[in-house]
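> Generate a structure from the sequence data that follows.
(one chain, ligands or ions: 1)
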Amino acid sequence: MTSANDKAPVITVDGPSGVGKGTLCQWLALRLGWRLLDSGALYRLTALAARHRDLPLDEESRVAAVAAELDVKFVTTDGNGSLRVILDGVDVGAALRGESVGNAASRVAALPAVRAALLQRQRDFRRPPGLIADGRDMGTVVFPDAELKLFLTASAGERARRRHKQLSEQGLDANLKCLVGEIAERDARDTQRATAPLKPAADAEVLDTTRLSIADVCAWALALALQRLNCPENL
Ligand code: C5P
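Numbering: from 1, shown residues only. This next block holds a predicted model:
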């Protein structure tokens, strides 16, 4: 049976690590007054929860069981869209964003049983007035019927530079050279995996953001959203 939630509009934003999807999605969600799904956080949380249980990350069925039973709460803390992430009752916000958890996430994300375990949890974020879905397979697998699909790219060097700036601003340790290597490794794993590899949906709008500012990217996305969805802005 189709519910009102299944009919809520969705804008998907996919692309590789460090391309700026998170910043764009937070901005769009706030601007349109829609909900936000950070699907990468679910893979990061799965990796973190597996680590807390001392599970080897390649034990597919056990890691998938952890993914299926994730005890996680997303708590909005203020009016600008900031979220606290509570895993097993503990605030894991800072630990979650680090590069080592990102790499572990990309390893568990390559396991088909883990992806299957997280699928419905992601679809449950779809509710009126609408959803901005941030990830790698939002337009291809999770929300193939999305009203608007965006796919961002940028050179690996530029993405490493952006990630470096972001981590430094959060007070997290980061080495630019290491980041370039890690981003290349993650790109390879995300694009070459057999299940839900990173790629634009056939009907996605693709933008190379290498030489663009975040303001340019936001303006491009908002113009497409307003055109395609005829939705009022949350001003
Ligand atoms: O976006 P973020 O860096 O938080 O994602 C962490 C990892 O989770 C990615 O490198 C990717 O391997 C995986 N991921 C995924 N599918 C998604 C979102 C994230 O495979 N929809």
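> pLDDT below threshold where in the protein?
1-2, 78-82, 231-235 (pLDDT under 70).
> rerun that using 50 as the cut-off
235 (pLDDT under 50).
> Spell out which residues of it are next to the ligand.
Residues of the chain found near the ligand (C-beta under 6 Å from any ligand atom) are 17, 39-40, 43-44, 102, 105-106, 109, 135-137, 186, 190. C-beta coordinates here come from the backbone N, C-alpha and C atoms, glycine included.
> Mark which of the residues you listed are part of strands, please.
Using DSSP state E, Gly135 are the members of the residues of the chain next to the ligand that sit in strands.
> Could you tell me how far the one helix or strand Arg163 maps to lies from the centre of the chain?
Using DSSP states H and E, Arg163 sits within helix 156-169. Averaged C-alpha coordinates place helix 156-169 at 16 Å from its chain's average position (C-alpha atoms, centre = their mean, to the nearest Å).
> Stretch 190-204 too?
14 Å.
> Quote the end-to-end distance of that stretch.
Using C-alpha to C-alpha, to the nearest Å, one end of stretch 190-204 lies 18 Å from the other.
> re the thing from before, out of the residues of the chain next to the ligand, which sit inside helices?
39-40, 43-44, 102, 105-106, 186, 190 (DSSP state H).
> And the strands in this structure, which stretches?
10-14, 35-38, 72-76, 83-87, 90-91, 131-135, 148-153, 205-208.
> just how off-centre is stretch 85-96 within its chain?
For stretch 85-96, the distance to the chain centre is 17 Å (C-alpha atoms, centre = their mean).
> If you count neighbours, what's buried in that stretch?
Buried residues in stretch 85-96, counted by 16 or more other C-beta atoms under 10 Å: 85, 87, 92-93, 96.
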